[in-house]
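Asks: Prediction below, plus the sequence it came from.
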Amino acid sequence: MWLIWTIIIGFVVGLIAKFLMPGPNEPRGFILTTVLGIVGALVATWLGQGIGWYGPGESAGFIGGVVGAVILLAVWGFISSSRNG
């Protein structure tokens, strides 16, 4: 059951991140949006543990996942714009 919740929450986080940071080169589709949300939460957890916001075994929450996904979209936009320009 946790896998289904992970997919649902990842999709919602990915949607919110894409809404906050729209762009022409953003990943499209259900699967890529879900992966964006899940990986965004992993990035936020990794950065938060590195900075000291989260202890070992703690993970980023919903808002942290959105922030991580927005960071990923910013990096994605930077890389795709430098390739095309």
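Replies: Everything's here; your move. Numbering: from 1, shown residues only.

Asks: Please, where are all the helices along this protein?
Replies: With DSSP state H as the criterion, the chain has helices at 2-20, 30-51, 62-84.

Asks: buried set for the longest one?
Replies: Taking 16 or more other C-beta atoms under 10 Å as the basis for neighbour counts, the residues of helix 62-84 that come out buried are 64, 65, 66, 67, 68, 69, 70, 71, 72, 73, 76, 77. For every residue, glycine as well, the C-beta is placed using N, CA and C.

Asks: Could you do the first one as well?
Replies: Buried positions in helix 2-20, judged by neighbour count with 16+ other C-beta under 10 Å: 7, 9, 10, 11, 12, 13, 14, 15, 16, 17, 18.

Asks: Over to the second one?
Replies: By neighbour count with 16+ other C-beta under 10 Å, helix 30-51 contains the buried residues 33-45, 47-49.

Asks: quick one: which of these is nearest residue 56?
Replies: Minimum distance to residue 56 across these is 7.1 Å, recorded for residue 49 (C-beta to C-beta).

Asks: I'd like to know how far residue 24 sits from residue 76.
Replies: 11 Å (C-beta to C-beta, to the nearest Å).

Asks: just residue 58 next, same as before
Replies: 26 Å.

Asks: What's the mean pLDDT across stretch 75-85?
Replies: Averaged over stretch 75-85, pLDDT sits at 76.

Asks: Fine by me, thanks again.
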